[in-house]
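[1] I'll drop the sequence and a predicted model, then ask my questions.
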Amino acid sequence: MTPLPDRYYERAGGLLARAKEANAPVIARLAPLIGKSIAGGGVVHTFGSGHSEIISREVIGRAGGLVCVTGIIDPTGGYAENLPGYGEILAARYDRQYRLDPGETVVVVSNSGNNASPVDVALYAKAKGLAVAALTSVAMSRAGASRHPSGKRLLEVADHVLDNGGVPGDAVVEIGDGLSAGPTSTLVGCSILNWLMLSVVEWLKANGHPLPVLRSQNMPGAVEHNRELASRYRGRLSRQLA
């Protein structure tokens, strides 16, 4: 029998390859939109509730990533994600502190796409004139019912949908007794975000714009470099750089 890690490697690798191909057209539309916003001094916002917050943080303050990415962070860690109106309050508070400006983009991450807070954040951002990109599992979203009072799923609210290709329940390796293990949403989701950010970098470079890319603070001169980049976005970044 094939060992469980090997089965996961095979199945997750297949999902990753399919996600790369399936999301290429969406990324091709999103990258110029985000690039133009950044070229005009804008930032990119992310939000993820519960475990999806891990994915949303992948591109915030990351060595090799864009400095102008900032996150709406849920202090409850997803505990209140289905409390009616909680996500709207969270987004409004963030807006007052860091600003959600028209023409910018927010990437909302939710594997199920059916919890209330991600939909709240997406609706708030759309009302403010931002583009909303959902990173979700389309299959899992369609398999479940929305927990938002409107009855809408995240993919039905978003302007752009990035599909992680995951299966309902997330895990892809059957282990017996009706159980499955080996979730893929983080692996594939983080890859999709990095493909998107690299496409933005490519657009900025092709159009002659500066590349506000962070360096690892463990490299010589990196701290000074990163601080200088961050100074251009004073008051807009939720994560303080060293």
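    Looks like it arrived, so ask away. Computed from a predicted model, the values in this text were never measured in an experiment.

[2] and the helix ranked longest in the chain, what other elements does it pack with?
    Criterion DSSP state H: the longest helix present in the chain is helix 4-39. For helix 4-39, the packing partners by 3 or more CB pairs under 8 Å, 6 or more residues apart in numbering; DSSP states H and E come out as strand 44-48, strand 105-109, strand 131-136, strand 160-163, strand 171-176, strand 179-183, helix 185-206. C-beta: built from backbone N, CA, C; applies to glycine.

[3] now the third one: buried residues?
    So the one you mean is strand 131-136. 131-136 (16 or more other CB atoms under 10 Å).

[4] tilt between it and helix 4-39?
    Calculated by axes from the mean of the first three to the mean of the last three CA atoms, to 10 degrees, strand 131-136 forms an angle of 180 degrees with helix 4-39.

[5] where does the chain dip in pLDDT?
    242 (pLDDT under 70).

[6] ok, back up a step: and which of the buried residues of strand 131-136 is nearest Val107?
    Ala133 (4.7 Å; CB to CB).

[7] okay, and the beta partners of that closest one?
    Val107, His160 (DSSP bridges).

[8] residues near Gly129, how many?
    11 (other CB atoms under 10 Å).

[9] in contact with it, which residues?
    Shown in contact with Gly129 (CB atoms under 8 Å, 6 or more residues apart in numbering): 101-103.

[10] from memory Leu214 sits against Gly64, does it?
    Yes. At 6.8 Å, Leu214 and Gly64 qualify as touching, with contact defined as CB atoms under 8 Å.

[11] neighbour-wise, which of those two wins?
    For Leu214 versus Gly64, the count of surrounding residues by other CB under 10 Å is larger for Leu214: 20 against 13.

[12] before we move on, the earlier item: what subset of the contacts of Gly129 is buried?
    Of these, these count as buried by 16+ other CB under 10 Å: Asp101.

[13] tell me the one of the contacts of Gly129 nearest Asn218?
    Among those, Asp101 lies closest to Asn218 (CB to CB), at 32.9 Å.

[14] for the closest one, give me the backbone phi and psi.
    phi -100, psi 140 (degrees, to the nearest 10).

[15] any figure for the gap between it and Leu162?
    22 Å (CB to CB, to the nearest Å).
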